[in-house]
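Trainee: Sharing a sequence plus its predicted fold:
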Amino acid sequence: MSTSSLNLVTGATGLLGSHIVEQLRKRDLPVRVLVRPGSDRSWLETQDVEFAEGDVTDADSLRAACEGVDAVYHSAAKVGDWGPWEDFQHITIDGTHNMVEAAVAASVRRFVHISSISCYGYHTVPVEVDETYDLGYKLYKWAYYSKSKIEAERIAWRAHTDKRIELTVIRPAWIYGERDRVTIGRLYDMIKAGRAKILGKGDNRLNVVYAGNIAEAAITAASRDDCNGEVFNCSNDGVITQQEYFDLLARSIGAPPVKRHVPYGVAYRAGHFLECLGHMFNWKKPPFVTRYAVWLMGRRSYFSAEKARKVLGWQPTVTYEVGVPNTVKWYEAQLASGNSQ
């Protein structure tokens, strides 16, 4: 494989990382993927990519992976809002430091850092948050995911400010799409069994975005000089409310629409109570409800993607009406083949 404009993708076995790989290969761009020993490479093996064995937590393993690379797409992180802080520190924070240092040492041109809109903190009132907002608003004690993503992003910015590497930061919202092994299964089961509930009235706009659309924004930004030192919210594919999203999911599944509601405040307090129990008794699995999950679904704040639309000309190639049914079909195929997690 030619190393001209070679792209390295971390987190390539995950949801967003795999879509970055897919979109790069659709453009016939050469791709190297960082994969941990023993990870599931079955889908990646269909993409004609080069494999580099390594782990972001092992700095020595990253040197060869970055050799000859033009752009790094760093999407590897500790996913989810549950687990010991040490895991978030080790994977998200230390892993980003190791990745940035390896990229600098290899003279990589552009580092594309995948951050998160949760870095802004937990706005709940009807405010529209754009890239000018400060990070870390009202983070609670156990907001490990958000806290670690903030610190990881700061590491990348420090390297850029010191003029050691070009940087573009992408802040996605709640991501969905094929190869989602985190949320679609849980939502599918709840809706199929009639256990799903709408938080509040359900008329709040959701920040949910198809992974392939984020990948397109990241690739466009990586190729442009004027996007060096810029940050973009890739936070929605248009306007969709919580109720409309659940209706679309239910139709795609072939289940009755979700009509039961629970007040936002009740769900939030239940999440807090369960988190307290979970931390008190050191639960390995996350509680059924967490405050982060309630905020993700029921918040009345909204995160603007207008900058990406204006600067990058970013428009959703895959709309909700296409992406949601396709994601459900993919998950049902996984169920049929026994590969669901």
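Mentor: Now that the structure is in, tell me what you want to look at.

Trainee: contacts and neighbour counts: CA atoms only from here.
Mentor: OK.

Trainee: what stretches of the stretch 201-341 of the chain score poorly on pLDDT?
Mentor: 340-341 (pLDDT under 70).

Trainee: Identify all contacting residues around the helix or strand hosting Leu274.
Mentor: Here Leu274 sits within helix 264-280, counting by DSSP states H and E. For helix 264-280, contacts defined as CA atoms under 8 Å, 6 or more residues apart in numbering pick out 199-200, 286-291, 294-295, 298.

Trainee: Could I get the buried residue list for that helix?
Mentor: For helix 264-280, burial by neighbour count (16 or more other CA atoms under 10 Å) applies to 264, 267-268, 270-272, 274-275, 278-279.

Trainee: Kindly reformat the residues you listed as a markdown table containing distance to Val125.
Mentor: Formatted as a markdown table, the buried residues of helix 264-280 follow (distance: CA to CA, whole Å):
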| residue | distance to Val125 |
| --- | --- |
| Tyr264 | 12 |
| Ala267 | 16 |
| Tyr268 | 14 |
| Ala270 | 20 |
| Gly271 | 19 |
| His272 | 19 |
| Leu274 | 24 |
| Glu275 | 23 |
| Gly278 | 28 |
| His279 | 28 |
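
Trainee: For Asp203, which non-adjacent residue is closest in space?
Mentor: Distances taken as CA to CA, 6 or more residues apart in numbering place Thr241 nearest to Asp203, at 5.4 Å, with adjacent residues excluded.

Trainee: The one you found and Lys201 touch, don't they?
Mentor: No: counting by CA atoms under 8 Å, Thr241 does not reach Lys201; the two are 10.1 Å apart.

Trainee: So these two - more neighbours on which side?
Mentor: Thr241 (17 against 14; other CA atoms under 10 Å).

Trainee: How about the contacts made by that one?
Mentor: 202-206.

Trainee: Neighbour-wise, give me the winner out of those residues.
Mentor: Top of the contacts of Thr241 by neighbour count (other CA under 10 Å): Leu206, with 28 neighbours.

Trainee: sorry, back to before: separate out the buried members of the contacts of helix 264-280.
Mentor: Buried, going by 16+ other CA under 10 Å: 199-200, 286-287, 289-291, 294-295, 298, out of the contacts of helix 264-280.

Trainee: how about those residues in a markdown table, adding secondary structure and distance to Trp314?
Mentor: Output for the buried ones among the contacts of helix 264-280, formatted as a markdown table (DSSP: H, G, I helix; E, B strand; the rest coil; distance: CA to CA, whole Å):
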| residue | secondary structure | distance to Trp314 |
| --- | --- | --- |
| Leu199 | strand | 30 |
| Gly200 | coil | 31 |
| Pro286 | coil | 35 |
| Pro287 | coil | 36 |
| Val289 | coil | 34 |
| Thr290 | coil | 32 |
| Arg291 | helix | 31 |
| Val294 | helix | 28 |
| Trp295 | helix | 26 |
| Gly298 | helix | 26 |
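
Trainee: Which two among the residues you listed are spaced furthest apart?
Mentor: Gly200 and Pro286 (22.7 Å; CA to CA).

Trainee: rewinding a little: quick check: phi and psi on the residue nearest to Asp203?
Mentor: Dihedral pair for Thr241: phi -90, psi 170, per degrees, to the nearest 10.

Trainee: separation between it and Tyr320?
Mentor: Separation of Thr241 from Tyr320 (CA to CA, to the nearest Å) stands at 11 Å.

Trainee: same check, this time on Lys78
Mentor: Applying CA to CA to Lys78 and Tyr320 gives a distance of 26 Å.

Trainee: for Gln242, same thing?
Mentor: 12 Å.

Trainee: Pull out the buried positions in stretch 112-127.
Mentor: Those would be 112-123, for stretch 112-127 by 16+ other CA under 10 Å.

Trainee: What lies in contact with it?
Mentor: Against stretch 112-127 from outside (CA under 8 Å, 6+ apart): 71-75, 133-139, 146-147, 149-150, 152-153, 156, 167-173, 218, 222, 233, 235, 295, 299-303.

Trainee: List only those of the residues you listed flagged as buried.
Mentor: Members of these classed as buried by 16+ other CA under 10 Å are 71-75, 135-136, 139, 146-147, 149-150, 152-153, 156, 167-173, 218, 222, 233, 235, 295, 299-303.

Trainee: What count of nearby residues applies to the nearest residue to Ala196 once chain neighbours are set aside?
Mentor: Once flanking residues are discounted, Ala196 sits nearest to Met190: 5.0 Å by CA to CA, 6+ apart. Number of residues near Met190 (other CA under 10 Å) recorded here: 14.
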